[in-house]
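Novice: Please find the sequence and the predicted model below.
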Amino acid sequence: MTNEQLKHKLLHNLQRVRRSIKWIIFSILSGIAVGIVGTLFYFCMDKVTGLRVANSWLIFLLPFGGLLIVGAYHLLHDEKDSGTNLVLSSIHSGDRLPMRMAPLIFVSTLITHLLGGSAGREGAALQLGGSLGNEIGKLFHFDEKDKHIMTMCGMSAAFSALFGTPMAAAIFSMEVVSVGIMHYAALVPCVIASLIANAIASYFGAEAELFLLDGVPAFTIGSAVTVSVLSALCALVSVLFCIMLHQAEHLYQKFFSNPYIRIFAGGCFIIVLTLLVGDQRYNGSGIALIEPCMEGQVLPQMFLLKMLFTAATIGAGYKGGEIVPSFCIGASFGCLFAVLTGSPVQLCTAVGMTAVFCGVTNCPISSLLISFELFGYQGMPYFLLTVAFSYMLSGYYGLYHSQKIMYSKYKANYINKKAE
């Protein structure tokens, strides 16, 4: 090796070291900043949920809360905000991600949950973290590709702080953008930011959601077939949920072109649904429904009603997310399957949650990791089988239209199409 070649190699290695140090520093910064905001969001969500549960009359203010949400977005000139779709689009196609998304999604999600809308919180976390991460990148004059990594870094941190699943949070933001391609350049930043944000949330007392399984049955041919059938059915449920979400938005826009009238009508529809049901179990994120499902307490219509409530809420323009509702839908369907077939209730409930989450997000690795963090490792072979079948059989449907399916699920073909 000549001196010139040696010099070039040393300079190249030095550049790699400098770049590694840069990402370690900025992932720590992102983890701290987004972790603090995410933790604040966690406690605010916990507070407004408690207020809603204690004051059931607040549901009657939902239409007026909707007017506040639309008014806030109009005031900040963000009427065409597409939520998580915009975050994903900003990563793979360079769309502008405004900083105002962070306060808007923060406040509007709190309003939605306080007044009884049916929505999750992780979708809001992805928007909140993504916009904050992107803003840090802009503040330090990163180029477009590095800003994309900072966006994913922020998404991981917010997801981790809010839900307490650092493994899944670190991988999810890399996996959800382009199905079939992982942005491994973001691995170290996302992992560090996720772990730091989770540590901050834990330090301040944010509790992770855990549903550890008792007495997982031995993995046999019979139990494998049962889980495979349930996973296949859950894949169909996930497709139905995605169709309902997208069709609800289309129908609202078709019949109510004015966003103020649209969201007011949606709020009224949720009130009517709530009165017909007779209680508010389907309002909010639905996380409270999972524990009874783990104990075998389920109504046959529970998963359908949660899908209807969520589609009616999100489609009208209320803010939040679809991930926790998908867990609730999967839990109730899995529990119903267990009750009808005499299968182990806890295992089927956990499989249902994992399968529907995988089906609606098209993220099998994240789904496997989140199943370990939520339910423990005892059910590993079942969860592995679950994500495989759910991913394959859920087709190209997904929660986010901006998600790109880069490779076919059935052949080694490059297809580069958006999720349906």
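Specialist: Thanks, I have the structure now. Numbering: from 1, shown residues only.

Novice: CA atoms for contacts and neighbours, from now on please.
Specialist: Will do.

Novice: And the helix or strand bottoming out on mean pLDDT in the chain, what's buried?
Specialist: Sorting the helices and strands of the chain by mean pLDDT, DSSP states H and E puts helix 84-92 at the bottom, at a mean of 71. By 16 or more other CA atoms under 10 Å, the buried positions in helix 84-92 come out as T84, N85, L86, V87, L88, S89, S90, I91.

Novice: How confident was the prediction at G376?
Specialist: Per-residue pLDDT puts G376 at 91.

Novice: Skip the chain neighbours and tell me the closest residue to it.
Specialist: Of all residues not flanking G376 in the chain, L212 sits nearest, at 5.8 Å (CA to CA, 6 or more residues apart in numbering).

Novice: Kindly report the same for A265.
Specialist: P63 (7.0 Å).

Novice: quick one: the one you found from L75, how far?
Specialist: Distance, P63 to L75, using CA to CA, to the nearest Å: 18 Å.

Novice: about what we covered before: name the helices or strands packed onto the least confident helix or strand of the chain?
Specialist: helix 122-139, helix 144-163 (3 or more CA pairs under 8 Å, 6 or more residues apart in numbering; DSSP states H and E).

Novice: Compare these and give me the one nearest G267.
Specialist: helix 122-139 (19.3 Å; CA to CA).

Novice: what's next to the closest one, contact-wise?
Specialist: 30, 34, 38, 83-84, 87, 97-99, 101-103, 105-106, 109, 146-148, 150-159, 162-163, 319-324 (CA atoms under 8 Å, 6 or more residues apart in numbering).

Novice: And for stretch 360-377?
Specialist: Contacts of stretch 360-377 (CA under 8 Å, 6+ apart): 165, 167-169, 171-172, 175-176, 179, 209-213, 238-239, 241-242, 326, 350, 354-355, 357-358, 380, 383-384, 387-388, 391, 394, 397-400.

Novice: Now which of those residues would you call buried?
Specialist: The neighbour count (16+ other CA under 10 Å) marks 165, 167-169, 171-172, 175-176, 179, 210-213, 238-239, 241-242, 326, 350, 354-355, 357-358, 380, 383-384, 387-388, 391, 394, 397-400 as buried among the contacts of stretch 360-377.

Novice: Sketch out the helices for the stretch 201-350 of the chain, chain order is fine.
Specialist: 221-255, 259-277, 290-294, 302-316, 323-341, 345-361 (DSSP state H, counting those that start in this stretch).

Novice: Among P63 and L75, which residue is more densely surrounded?
Specialist: Using other CA atoms under 10 Å, the more surrounded residue of P63 and L75 is P63, with 26 against 10.

Novice: export the strand or helix carrying that one as CSV, just CAs?
Specialist: Assigned by DSSP states H and E, P63 belongs to helix 62-75. Coordinates of the C-alpha atoms in helix 62-75 are reproduced here as CSV (Å, rounded to 0.1, in the frame of the first residue of the first chain):
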residue,chain,number,x,y,z
LEU,A,62,-67.0,16.5,21.6
PRO,A,63,-68.4,18.4,18.5
PHE,A,64,-67.4,21.7,20.0
GLY,A,65,-63.9,20.4,20.7
GLY,A,66,-63.7,19.3,17.1
LEU,A,67,-64.4,22.9,16.1
LEU,A,68,-61.5,24.0,18.2
ILE,A,69,-59.2,21.5,16.5
VAL,A,70,-60.1,22.6,13.0
GLY,A,71,-59.9,26.2,14.1
ALA,A,72,-56.4,25.7,15.5
TYR,A,73,-55.2,24.1,12.3
HIS,A,74,-56.8,26.9,10.3
LEU,A,75,-55.2,29.5,12.4
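
Novice: tilt between that helix and helix 259-277?
Specialist: Angle of helix 62-75 versus helix 259-277, following axes from the mean of the first three to the mean of the last three CA atoms, to 10 degrees, is 160 degrees.

Novice: helices or strands up against helix 62-75?
Specialist: So helix 62-75, by 3+ CA pairs under 8 Å, 6+ apart, packs with helix 101-114, helix 259-277.

Novice: Single out the most deeply packed of the ones you listed.
Specialist: Comparing those by mean neighbour count (mean count of other CA atoms under 10 Å), helix 101-114 comes out on top with a mean of 22.

Novice: which other residues reach that one?
Specialist: Residues contacting helix 101-114 (CA under 8 Å, 6+ apart): 41, 44-45, 48-49, 51-52, 58, 62, 65-66, 69, 72-73, 118-119, 121, 124, 127-129, 131-132, 284-285, 318-320.

Novice: Go again with 7 Å.
Specialist: Outside helix 101-114, the residues within contact range by CA atoms under 7 Å, 6 or more residues apart in numbering are 45, 48-49, 51-52, 65, 69, 73, 124, 127-128, 131-132, 284, 318-320.

Novice: residue ranges with poor pLDDT in this protein?
Specialist: 1, 5, 7, 78-83, 92-95 (pLDDT under 70).

Novice: tell me, which helix in it spans the most residues?
Specialist: helix 3-54 (DSSP state H).

Novice: Return the distance of that helix from the chain's centre.
Specialist: Offset of helix 3-54 from its chain centre (CA atoms, centre = their mean, to the nearest Å): 19 Å.

Novice: same thing with stretch 364-373?
Specialist: With CA atoms, centre = their mean, you get 13 Å for stretch 364-373.

Novice: now do stretch 96-108
Specialist: Counting by CA atoms, centre = their mean, stretch 96-108 comes out at 17 Å from the chain centroid.

Novice: CA atoms of that stretch as PDB?
Specialist: In PDB, the C-alpha atoms belonging to stretch 96-108 read as follows (Å, rounded to 0.1, in the frame of the first residue of the first chain):
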ATOM      1  CA  ARG A  96     -41.700  19.700   4.200                       C
ATOM      2  CA  LEU A  97     -42.300  18.800   7.900                       C
ATOM      3  CA  PRO A  98     -43.400  22.000   9.700                       C
ATOM      4  CA  MET A  99     -42.500  22.500  13.400                       C
ATOM      5  CA  ARG A 100     -46.100  23.700  14.100                       C
ATOM      6  CA  MET A 101     -47.100  20.000  13.700                       C
ATOM      7  CA  ALA A 102     -45.800  19.300  17.200                       C
ATOM      8  CA  PRO A 103     -47.900  21.700  19.300                       C
ATOM      9  CA  LEU A 104     -50.900  21.100  17.000                       C
ATOM     10  CA  ILE A 105     -50.900  17.300  17.400                       C
ATOM     11  CA  PHE A 106     -50.100  17.600  21.100                       C
ATOM     12  CA  VAL A 107     -53.100  19.900  21.900                       C
ATOM     13  CA  SER A 108     -55.600  18.400  19.500                       C
END
